[in-house]
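J.: sequence plus the predicted model coming up.
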Amino acid sequence: MLRIAKVAGKKRRAVWRTRPACWRCVESCAANPSRVLALRGGFYVEKGLNVAKGLNAAKVGVIFDCDGTLIDSMQAWRNLEGELGRRAGAKLTSEDRIKLTTLNIPESAQYFHDRFDLGSSGADVVEMMNEIMLEFYRNRAEARPGVLAFMEALAKRDVVMSVASSSPQKYLQAGLACAGIAPYVKAIVSVEDVHSNKREPKVYRYTRERMGTPLETTWGFEDAVYAIRTLAQAGFGTVGVYDHDIAGTWEQLTAEADFAIRSFEELDADAFLEAVAARAGRA
């Protein structure tokens, strides 16, 4: 079993676990050598472990979500929801916002039209959304802290990376370019490309096929707990990236994902590849 965590002083940063949930506090593990942990590259791993040796990194695939995971865009989306509510003369409830996190763009637009009578149709609401969001993605989209450094490190090790998102291609192309992420990814896939959503694994399977990586060495990074469940049920390794409680609380992400982080600054590329190799060896 592999447990990994990056440590800053005495603060627990991130924890790997195996199913069923068995992640433990890093400080207590570090204080107890009998738990056979050793420090390597800023991460605690099992003593003597070198599971990444012999791993062909070119066969490792990483599928990143975009909004809230790679790009710091969730406030822009919350502002969009508030603006659409204002135009409809309605105030969104917490239940509305939670529901909207699981919907793609056409579904969200239809939700506003059906629930709040906004616009003449769902398509009309889509145009309102495009007007607001494209300005953000073209001019103000930024990568979350640590994202570019981690992707650069993976690229140097020949790891194949792609993006799978609920956002439409026009948002993704503009936002990933603006944030400096586009050069690192082999494929940019929207759920609209596969006529699906992230409640189903179709978008992840299609993206993995585009990358050409085996399932046992392909991982997904997501901030939404429902998407983590979809990935896990389809056989992917999972990293939960905390952004906001609406998408998934820290407790939910640590319970559902193989690994949970609060920031990409916690990640080490070599330690991640060791975890990939360890999981593949158990598959």
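T.: Structure's in. What do you need? Numbering: from 1, shown residues only.
J.: contacting residues for the closest residue in space to Pro214 that isn't next to it in sequence?
T.: Sequence neighbours aside, Lys59 is the residue nearest to Pro214 in space, at 6.0 Å (criterion: C-beta to C-beta, 6 or more residues apart in numbering). Using the backbone N, CA and C atoms, a C-beta is placed for each residue, glycine as well. Residues in contact with Lys59 (C-beta atoms under 8 Å, 6 or more residues apart in numbering) are Thr213, Pro214, Thr217.
J.: recalculate using a threshold of 10 Å.
T.: Taking C-beta atoms under 10 Å, 6 or more residues apart in numbering, we find Lys59 in contact with Asp158, Val159, Val160, Met211, Gly212, Thr213, Pro214, Glu216, Thr217, Thr218, Val276, Ala280.
J.: hey, C-alpha coordinates of the host helix or strand of Thr207 in CSV?
T.: Following DSSP states H and E, one finds Thr207 within helix 202-211. Extracted C-alpha coordinates of helix 202-211, given in CSV (Å, rounded to 0.1, in the frame of the first residue of the first chain):
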residue,chain,number,x,y,z
LYS,A,202,-18.0,8.8,-22.0
VAL,A,203,-15.9,12.0,-22.1
TYR,A,204,-13.1,10.5,-20.1
ARG,A,205,-13.0,7.3,-22.2
TYR,A,206,-12.9,9.3,-25.4
THR,A,207,-10.1,11.6,-24.1
ARG,A,208,-8.1,8.6,-23.0
GLU,A,209,-8.5,7.1,-26.5
ARG,A,210,-7.2,10.4,-28.0
MET,A,211,-4.1,10.2,-25.7
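J.: beyond it, next helix or strand please.
T.: strand 218-222.
J.: quick one, which of the contacts of Lys59 are buried?
T.: Among the contacts of Lys59, the ones that count as buried by 16 or more other C-beta atoms under 10 Å are Val159, Val160, Met211, Thr213, Thr217, Thr218, Val276, Ala280.
J.: wait, the fifth one touches Asn56, no?
T.: Read that as Thr217. Yes: assessed by C-beta atoms under 10 Å, Thr217 is found in contact with Asn56 at 8.4 Å.
J.: what is in contact with these two at once?
T.: The overlap between the contact sets of Thr217 and Asn56 (C-beta under 10 Å, 6+ apart) consists of Ala277.
J.: tell me the secondary structure for Gly235?
T.: Recorded secondary structure, Gly235: coil (DSSP: H, G, I helix; E, B strand; the rest coil).
J.: start the count at 741, not 1, going forward
T.: Renumbered: residue one is now 741, and that last one reads Gly975.
J.: how far away is it from Ile921?
T.: Computed as C-beta to C-beta, to the nearest Å, the Gly975 to Ile921 distance reads 26 Å.
J.: compare neighbour counts for those two and give me the winner.
T.: Ile921 (24 against 14; other C-beta atoms under 10 Å).
J.: that one against Ser905, yeah?
T.: No: with contacts counted by C-beta under 10 Å, Ile921 stays clear of Ser905, the gap being 11.6 Å.
J.: between these two, which contacts overlap?
T.: Phe804, Cys806, Leu810, Ile811, Leu912, Gly915, Ile928.
J.: quick one: the last one and Thr947 touch, right?
T.: Yes: taking contacts as C-beta under 10 Å, Ile928 lies within contact range of Thr947: 9.1 Å.
J.: and these two? Which one has more around it.
T.: Neighbours were counted for Ile928 and for Thr947 using other C-beta under 10 Å; Thr947 has more, 26 against 21.
J.: dump the shared contacts of Ile921 and Ser905 to TSV, plus distance to Ile968 and pLDDT.
T.: What follows is those, written out as TSV (distance: C-beta to C-beta, whole Å; pLDDT from 0 to 100):
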residue	distance to Ile968	pLDDT
Phe804	13	98
Cys806	15	98
Leu810	16	98
Ile811	18	97
Leu912	20	98
Gly915	22	98
Ile928	21	98
